[in-house]
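Student: Any chance you could fold what I've pasted below:
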Amino acid sequence: MNLPNALTILRIFFVPLLVAALVQENVAIKVDGLLITNEWLSLAIFLAAAFTDLLDGYLARRWKQVTTIGTLLDPIADKLLISAALISLVQVRELAGWMAILIIGREFAVSGLRSIAAAEGYTIKASDLGKTKMFSQVVAISCLLVAVRHPELHTPGMVLMWIVVFFALASAVSYFWKFWHKVDESVKLRRRRELLVLERRRQRALRRQRSDSGSGAGGLGGTIWKPPEVN
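Tutor: Next comes the predicted model:
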């Protein structure tokens, strides 16, 4: 296993730590006399996981270590991290449930489109809107994580979350607008080809069957043998 893949798997292991640190209200760690409460601990875990997202992709491209398992695991790890953070924020009443559902639903819808497109030979790369959404998402979640104990940051965090919702919907519409028609036409074309191949096989089987039947009928329909007459 190379380092980029190890970082991706590490990001998955950050998910339960983030949830545990955020939903447990009495978590506090003292380091050199400094008391770190659960909101700062959850923020540190979340930012560390987000940093591994940037680092694993950079290292994979730079060291030419892009692998199939890394390509599959990276978006899964991202969605697990963001989904866990949003659901935890709903749990501690810092985020409206419908916002979390909308953002998470958008992630799964775009992932489904990517999977279908990949099966048809198309690669959907992250657009500028998608990258902006990801950046604003990290900033908004970070702000709301700190707002658990610092209510004055709740309003700025919610403003940022509305920006996330806007970019999430705009980028989803952009992806589907650009690629849905191509994917749909590709699927229909492939289906037509499959039906044509099946029809040709059926026609060949029918001709072969008729040919075999004709040969058998010709053999039986020739001169019928009669026994010689006896005088």
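
Student: which secondary element of the chain has the worst mean pLDDT?
Tutor: Sorting the helices and strands of the chain by mean pLDDT, DSSP states H and E puts strand 28-31 at the bottom, at a mean of 67.

Student: Strands along this protein, start to end?
Tutor: Assigned by DSSP state E, the chain shows strands spanning 28-31, 34-37.

Student: Give me the average confidence score over the last one.
Tutor: When pLDDT is averaged along strand 34-37, the result is 71.

Student: Average pLDDT for stretch 209-220, rounded please.
Tutor: Stretch 209-220 comes out at a mean pLDDT of 67.

Student: Over to stretch 181-189?
Tutor: The model assigns stretch 181-189 a mean pLDDT of 72.

Student: Likewise for stretch 51-63?
Tutor: Averaged across stretch 51-63, pLDDT comes to 84.

Student: Now that stretch: buried residues?
Tutor: Thr52, Asp53, Asp56, Gly57, Leu59, Ala60 (16 or more other C-beta atoms under 10 Å). Quick note: C-beta positions are derived from backbone N, CA and C, even for glycine.

Student: Dump the residues you listed into TSV; add distance to Ser213 as well.
Tutor: Shown next, in TSV, are the buried residues of stretch 51-63 (distance: C-beta to C-beta, whole Å):
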residue	distance to Ser213
Thr52	69
Asp53	67
Asp56	65
Gly57	64
Leu59	67
Ala60	62
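
Student: any idea which of those residues is closest to Ser111?
Tutor: Asp53 (15.5 Å; C-beta to C-beta).

Student: For that closest one, give me its contacts.
Tutor: Counting by C-beta atoms under 8 Å, 6 or more residues apart in numbering, Asp53 touches Arg11, Asp74, Ala77, Asp78, Leu81.

Student: Find the nearest non-adjacent residue to the spatially most central residue of the chain, please.
Tutor: Residue closest to the mean C-alpha point of the chain, counted by C-alpha atoms, centre = their mean, is Ser111 at 3.0 Å. Leaving aside its sequence neighbours, Ser111 sits nearest to Pro75 (C-beta to C-beta, 6 or more residues apart in numbering; 6.3 Å).

Student: That neighbour: neighbouring residues, count only.
Tutor: The tally of other residues near Pro75 (other C-beta atoms under 10 Å) stands at 16.

Student: Poorly predicted segments of the protein, please.
Tutor: By pLDDT under 70, the weakly predicted segments of the chain are 25-28, 30-35, 120, 122-127, 183-184, 214-231.

Student: in it, which spans are helices?
Tutor: 3-23, 38-62, 68-91, 97-119, 128-146, 154-220 (DSSP state H).

Student: how far away is the residue lying closest to Gln91 once chain neighbours are set aside from Leu189?
Tutor: Counting by C-beta to C-beta, 6+ apart, the nearest residue to Gln91 once its immediate chain neighbours are dropped is Val23, at 5.5 Å. For Val23, the distance to Leu189 equals 49 Å [C-beta to C-beta, to the nearest Å].

Student: When the two are compared, which one has more neighbours?
Tutor: Legend: neighbour count by other C-beta under 10 Å for Val23 and Leu189, higher for Val23 (16 against 11).

Student: Tell me if I'm right that the more buried one and Arg93 touch.
Tutor: No - with contacts counted by C-beta atoms under 8 Å, Val23 stays clear of Arg93, the gap being 11.1 Å.

Student: Tell me the spacing between the residue nearest to the centre of the chain and Thr132.
Tutor: Taking C-beta to C-beta, one finds Ser111 at 18 Å from Thr132.

Student: now Ala109
Tutor: Distance from Ala109 to Thr132, by C-beta to C-beta: 18 Å.
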